[in-house]
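K.L.:
Sharing a model that was predicted from the sequence below.
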Amino acid sequence: MKMFKLPFLFLLSICVGIVIGGYLFSQSQPRSFLAIQNCERCLNPSDLAGLLASVVIQKFPALIPLVVHETDKTVAFKLPFSKAKAHYVIVPKKDIKDVGEISEADVPYLADAFFVLGQIIRENKLVNYWLETNGPGFQDVTYLHFHLVVR
């Protein structure tokens, strides 16, 4: 009986891992290291960071520190160690890799992100700020996000 117990536990662990992974990554876009047949930049750290960010933002937003605004479609948080007077990051809760990947289904998430940006600007009476997002060649995290930087 012991001989069958270990392989059974091993197979059960694999099945549980597949189910949990399927749930966690169900709303994430495939990154290059997951889509091996279309791999251009396999195991790119930016893609891995984007994949992990998509899981945290979509499934566990309460784990994000220094959140200043959260809606059902957007989370905004303040970066603590910035050289700027204030630095906010605004992130849609839908996995969009970059501006070039935006589809019609993403419009409600982008509209909400800009609404949250406006709230932050109005609440803090910001005047000297800039807003930016990076293309895939400049992203440290392959996940669409906006930087609101106050000088």
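P.N.:
That came through fine. Numbering: from 1, shown residues only.
K.L.:
count of neighbours near Phe81?
P.N.:
Applying other C-beta atoms under 10 Å, we find 5 residues neighbouring Phe81. For glycine as for every other residue, the C-beta is placed from the backbone atoms N, C-alpha and C.
K.L.:
For the closest residue in space to Pro61 that isn't next to it in sequence, which three-state class applies?
P.N.:
Spatial nearest neighbour of Pro61, chain neighbours left out: Val75 (5.1 Å); criterion: C-beta to C-beta, 6 or more residues apart in numbering. State at Val75, reduced to three classes by DSSP: H, G, I helix; E, B strand; the rest coil: strand.
K.L.:
need the longest strand for the protein.
P.N.:
strand 86-92 (DSSP state E).
K.L.:
starting at the chain centroid, how far to that one?
P.N.:
Relative to its parent chain, strand 86-92 has a centroid offset of 12 Å by C-alpha atoms, centre = their mean, to the nearest Å.
K.L.:
List of residues touching that strand?
P.N.:
With contacts defined as C-beta atoms under 8 Å, 6 or more residues apart in numbering, strand 86-92 is touched by 53, 57, 68, 73-79, 106, 109-110, 112-113, 116-117, 120, 124, 126, 143-150.
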